[in-house]
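> pasting the structure only:
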């Protein structure tokens, strides 16, 4: 069940897209925690992907991004993470970032805009498109599974390994490292692409130091907690080995 304020914000984002894309807007969909049932009001991001029929001209991409950034002021939680794909990309098995517009921002999120996928890590986008195919919640348009192609298990294992390496370089001892690691470990073991919080529940009973998982979950809910960098590194080591073994 999608909270009313989240659903209303999704409709607003789709409304921002309609004037510039007109009949070219194929659909818009919730992914991430909203679609996977792990949304925490006030703490989670709202992840939305949209699809257009044709590539957006370069000069129009910035204008769309500007309007979307303005819309993030109305986000009912931490912020919006938005990505626009053209239809031929969305309907092909995900392999690279390959978006037309990517916008992040909101009440408690730094604003960022990308109008080219160059230099962007691909794993975020491959995972989101697989989630869209399997679990995407419709804001506007046909069912997400009819628009987005799925990714293979081998491809998802590969990009999850890339994400673990990225976390080591950029986020180290953060709740995101632990929760993304938990989801990846569960996927390696059970082939389930679920929410990060569901992954944490699964990992907690299997990891010898459950307090690490508990701390990450507390932080996800906005509660005070501490993550030890050495404990996180040990956990990520284990997850990487599990992903390697599954591959």
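In hand now; what should we look at? These numbers were taken from a predicted model, which means no experiment stands behind them.

> residue at max distance from the center of the chain?
residue 208 (27.9 Å; CA atoms, centre = their mean).

> for that residue, give its distance to residue 231.
Remark: distance between residue 208 and residue 231 (CB to CB, to the nearest Å) = 11 Å. (C-beta placed from N, C-alpha, C; glycine too.)

> please apply the same query to residue 12.
41 Å.

> which one of the two is surrounded by more residues?
residue 231 (17 against 13; other CB atoms under 10 Å).

> helix/strand/coil for the residue farthest from the centre of the chain?
The local conformation at residue 208, judged by DSSP: H, G, I helix; E, B strand; the rest coil, is coil.

> start at 23, not 1
Shifting the count to begin at 23 puts that one at residue 230.

> domain parsing for this protein?
26-168, 175-268 (automatic domain parsing).

> columns mean pLDDT on top of those domains, output as a markdown table?
Below are the domains of the chain laid out as a markdown table (pLDDT from 0 to 100):
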| stretch | mean pLDDT |
| --- | --- |
| domain 26-168 | 97 |
| domain 175-268 | 97 |
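
> how about the nearest residue to residue 166, chain neighbours excluded?
Spatial nearest neighbour of residue 166, chain neighbours left out: residue 158 (2.8 Å); criterion: CB to CB, 6 or more residues apart in numbering.

> er, residue 111 actually
residue 120 (4.7 Å).

> let me see the ranges of the helices in the protein.
Under the criterion DSSP state H, the chain contains helices at 26-43, 54-58, 80-93, 109-112, 145-157, 175-192, 197-212, 218-226, 232-242, 251-268.

> CSV for those helices, including distance to residue 139?
Listed next are the helices of the chain as CSV, based on distance: least, CB to CB, whole Å:
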stretch, distance to residue 139
helix 26-43, 19
helix 54-58, 19
helix 80-93, 11
helix 109-112, 10
helix 145-157, 8
helix 175-192, 14
helix 197-212, 21
helix 218-226, 24
helix 232-242, 28
helix 251-268, 24
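
> quick one: closest of these to residue 126.
Nearest to residue 126 among those is helix 80-93 (9.0 Å), distances taken as CB to CB.

> what packs against the closest one?
helix 26-43, strand 102-108, strand 123-128, strand 131-136 (3 or more CB pairs under 8 Å, 6 or more residues apart in numbering; DSSP states H and E).
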